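A.B. asks: A predicted structure for the sequence below; I have some questions about it.
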Amino acid sequence: MTAQRRRAARILLLDGQDRILLFLGSDPATPGEAWWFTPGGGLEPGEDVREAAARELVEETGLRGADLGPLVAYGTVSFSFQGRRYEQDQWFHLARTTDTGLDHSGMGEEHAQLLAARWWTVEELRGTAETVYPVGLADFLERLLAEGPPVAPVRL
C-alpha cells in the first residue's frame, strides 16, 4: 500500500501554568487503541505552515486570543488511519494562552475521533503509561521551558 504524502502544522499550546494541551484520539479501524497528540492538522491549498497552525488552533480549541509563537520543531511520521497509510511532514509552533476553556464546535467531520482534551504537565507526561505523540515530547517540552525556543527548529 502506497502512503499518501501529507503536510501538517501542529501546535505546542501552553497555558499560564506551562501545561501542554493534548487531544486523545482513536482510529475506528483499530478498536481499543488510543493515543494523545498535539492540536493541528493538514495544510490546505495555498496555506503556509503558520497560517495552517493559526486556523487549526481556532478550529480545534476555539481559542482566538492565543499567542502563536515561533516554529520550534519539525519531523516526519508514518501512520495509518481508517485503513490508509500516511507519510506526514509536520512542523510544530509554540503557542501560549491564558484561556483554558475549550470550544470544539469548529471541528469538522475529520475530527470525529477526538475523545478527550487534557492539559498536561511535564511530570504527568513523564509518568503516563499512555501513548503520547510526538515521541519524546516530555523531554522536548522540559528543554523548551528551561531554555526557551531554539534558534532553529529541532527534529523530533
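C.D. replies: Good, I have the coordinates.

A.B. asks: Buried residues in the lengthiest strand in the chain, which are they?
C.D. replies: In the chain, ranked by residue count with DSSP state E as the criterion, the top strand is strand 67-81. Within strand 67-81, the residues scored as buried using 16 or more other C-beta atoms under 10 Å are 68, 71, 72, 73, 74, 75, 77, 81. Where you see a C-beta, it was placed from the backbone N, CA and C, and this is true even at glycine.

A.B. asks: Return the distance of it from the chain's centre.
C.D. replies: 7 Å (C-alpha atoms, centre = their mean, to the nearest Å).

A.B. asks: Tell me the strands beside that strand, with direction?
C.D. replies: Sheet pairing here is set by DSSP bridges, and for strand 67-81 it gives strand 84-96 (antiparallel), strand 154-155 (parallel).

A.B. asks: Could you list the low-pLDDT ranges of the protein?
C.D. replies: By pLDDT under 70, the weakly predicted segments of the chain are 106-112.

A.B. asks: now the helices for it?
C.D. replies: 49-61, 122-127, 137-147 (DSSP state H).

A.B. asks: elements contacting the first one?
C.D. replies: So the one you mean is helix 49-61. strand 4-14, strand 40-42, strand 67-81, strand 84-96 (3 or more C-beta pairs under 8 Å, 6 or more residues apart in numbering; DSSP states H and E).

A.B. asks: Could you figure out how far the longest strand of the chain is turned away from helix 49-61?
C.D. replies: 80 degrees (axes from the mean of the first three to the mean of the last three C-alpha atoms, to 10 degrees).
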